[in-house]
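[1] Just to be clear, the model below is a prediction. Sequence and coordinates:
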Amino acid sequence: MVDVHDSIASFRSALDDERRRGRTVGFVPTMGYLHDGHASLMSAAAAENDVAVASIFVNPLQFAANEDLSTYPRDLDRDLAICADRGVSHVLNPTVEEMYPGGPVLTTVTVDRITRNFEGASRPEHFAGVATVVTKLFSIVGPGRAYFGEKDFQQLAVVTRLASDLSIPVQVVGCPIVREADGLAMSSRNVYLDEAQRAAAPVLHEALRAAATAATSGAPATDVRQVMIDRVDSEALAELDYAEVVDATTLEPVDDLGPGQRLLIAAHFGRTRLLDNLAVPVRAVDSSADRS
Ligand code: PAF
C-alpha cells in the first residue's frame, strides 16, 4: 500500500512520524514514467532503509522553453503500482503550485564548474533546475540516504557535490545503469524513438564497450575517445554530441588513464538526445601504468 501525498505538509508529517519511531528513511526522487532503472533504485532504498519513499514531480525548472516539459510522458497509476511493488510506502506527488507557490522561484541553487560541460553545455539552465529541486526535496524529505541512477552520471556528480558543499546530512547513493537486452540504457525518453532510431540507439553502449576494450588493451585516452567517436559516426541515425574520458568526480577530461575515470557519451537520434556512460575498466589503469 502506497500513501500518496499531494501536500508537502502531509508528506513531511508522515515522515516525521516514521522518524519518531526510530526508522531510517531512504528517498528516490523521480519525474515519473518509471522504468526498471527507477525500480532498481526503489529496491535499493527499501533494502537499505526502514522506510523507502519517492517523489514523482516533473520539475519545470530543469526544462528550457524549447524542451519537452508539456509532452514529458506521464502515467501515475502505473508509477504507483511500481512503487508499491518495490516496497515504497510514501510518495510525494505535488502540483507545480504546491512546489513553487507564488510562481517562479527567487532562490536557486547553482553548482559551478562540473555543470559547464556535457549536459550543461547543451542545456545551460538544466542543472540549476535540478540542483534547486533536489535541494528543496532534501529539505522536505530529510532522508538519510538518497538514490540516483548512474545513467545521468553528471547529475549524480552534481547532487553529490551539492550535498557535500551545503552540508546536507544525506548519503547520496549512485546505482548501476539498468539496460535493455540490447544494451540501451533505460530512460523515460526512449519512448520518443521511432523504430529505426530505437534499433540504432544501442550504438552508444557499443561505443562505450569498444572504448573500454581499447582502454583495457592500453590505448591512450585520446585513442579511447576516438574509438567512441568513430563507432557513433558509423551509425547514420546517430549524431554525436560528445564523447569524453573524464575524472569521475571533477568531470574534467583526462589526458592519461587512471583510477576513478568514466567514459561519457551523448548523441541525438532525430530530436531525441540520449546519454550513456561506463566506468573505465580497472585493468586499463594497470596497462597504462605498465607502459610508463
Ligand atoms: O533524474 C531525474 O528524474 C530528475 O532530474 C530529478 C533528480 C528527479 C530531479 O527532478
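    Nice, I can see it.

[2] Could I get the full set of strands for this structure?
    Under the criterion DSSP state E, the chain contains strands at 3-5, 25-30, 51-56, 88-92, 145-149, 171-175, 239-247, 261-269, 272-279.

[3] and the last one, which strands flank it?
    According to DSSP bridges, strand 272-279 forms sheet pairs with strand 261-269 (antiparallel).

[4] okay, now residue 121: neighbour count?
    A total of 12 residues lie near residue 121 under the criterion other C-beta atoms under 10 Å. To be clear about C-beta, it is placed using only N, CA and C from the backbone, and glycine gets the same treatment.

[5] Do the longest helix along the chain and the ligand come into contact?
    Scanning the chain for the helix with the most residues, using DSSP state H, yields helix 126-141. Yes: using C-beta under 6 Å from any ligand atom, helix 126-141 reaches the ligand at 130, 133, 134.

[6] and the closest residue to the second one other than its chain neighbours, what pLDDT?
    The spatial neighbour of residue 133 that comes closest, neighbours along the chain excluded (C-beta to C-beta, 6 or more residues apart in numbering), is residue 59 at 4.4 Å. The score at residue 59 is 98. That number is its pLDDT.

[7] got a list of what residue 59 touches?
    31, 99, 129, 130, 133 (C-beta atoms under 8 Å, 6 or more residues apart in numbering).

[8] ok, of these, which one's closest to residue 229?
    Closest approach to residue 229 among the contacts of residue 59 (C-beta to C-beta): residue 130, at 27.4 Å.

[9] if I look at the closest residue to the closest one other than its chain neighbours, how far off is residue 150?
    In space, residue 130 comes closest to residue 62 once its chain neighbours are excluded; the distance is 4.9 Å by C-beta to C-beta, 6+ apart. Going from residue 62 to residue 150 by C-beta to C-beta, to the nearest Å gives 19 Å.

[10] try residue 160
    Per C-beta to C-beta, residue 160 is found 11 Å from residue 150.

[11] Overlap of the contact sets of those two?
    residue 174.

[12] For stretch 84-102, give me every contacting residue.
    Contacts to stretch 84-102, defined as C-beta under 8 Å, 6+ apart, come from residues 1-8, 11, 14-15, 28, 39, 42-43, 45-46, 51-57, 59-61, 76, 80, 83, 133, 136-137, 140-141.

[13] count of residues packed around residue 181?
    6.

[14] Ramachandran angles for it?
    Backbone torsions for residue 181, taken as degrees, to the nearest 10, come to phi -60, psi -30.

[15] got the contact list for it?
    Contact analysis of residue 181 by C-beta under 8 Å, 6+ apart lists nothing.

[16] beta partners for residue 53?
    Going by DSSP bridges, residue 53 forms beta bridges with residue 27, residue 90.

[17] wait, it sits on residue 26?
    Yes: in this structure residue 53 lies within contact range of residue 26 using C-beta atoms under 8 Å: 7.3 Å.

[18] Tell me the spacing between residue 148 and residue 38.
    The separation that residue 148 has from residue 38, given C-beta to C-beta, amounts to 10 Å.

[19] Please read the previous query as pertaining to residue 231.
    From residue 231 to residue 38 the distance is 28 Å (C-beta to C-beta).

[20] Tell me which of these two has more neighbours.
    Between residue 231 and residue 38, residue 38 has the larger neighbour count (other C-beta under 10 Å), namely 27 against 21.

[21] so who does the closest residue to the ligand within the stretch 151-292 of the chain touch?
    Proximity of the stretch 151-292 of the chain to the ligand (C-beta to the nearest ligand atom) peaks at residue 152, 5.4 Å away. Going by C-beta under 8 Å, 6+ apart, residue 152 touches 119, 275.

[22] just the one 10 residues further on next, same as before
    Residues counted as contacts of residue 162 (C-beta under 8 Å, 6+ apart) are 109, 111, 131, 134, 135, 168.

[23] need the helices for this protein, in chain order.
    8-20, 36-48, 76-85, 96-99, 119-122, 126-141, 153-165, 195-200, 203-216, 221-233, 282-291.

[24] who touches the first one?
    For helix 8-20, the external contacting residues (C-beta under 8 Å, 6+ apart) are 3, 5, 25, 50-51, 53, 90, 92, 94, 98-99, 140-142.

[25] out of those, which are buried?
    5, 25, 51, 53, 90, 92, 94, 98, 99, 140, 141, 142 (16 or more other C-beta atoms under 10 Å).

[26] Please look at the third one and residue 25 and confirm they touch.
    Put plainly, it is residue 51. Yes: Residue 51 is within contact range of residue 25, at 5.1 Å (criterion: C-beta under 8 Å).
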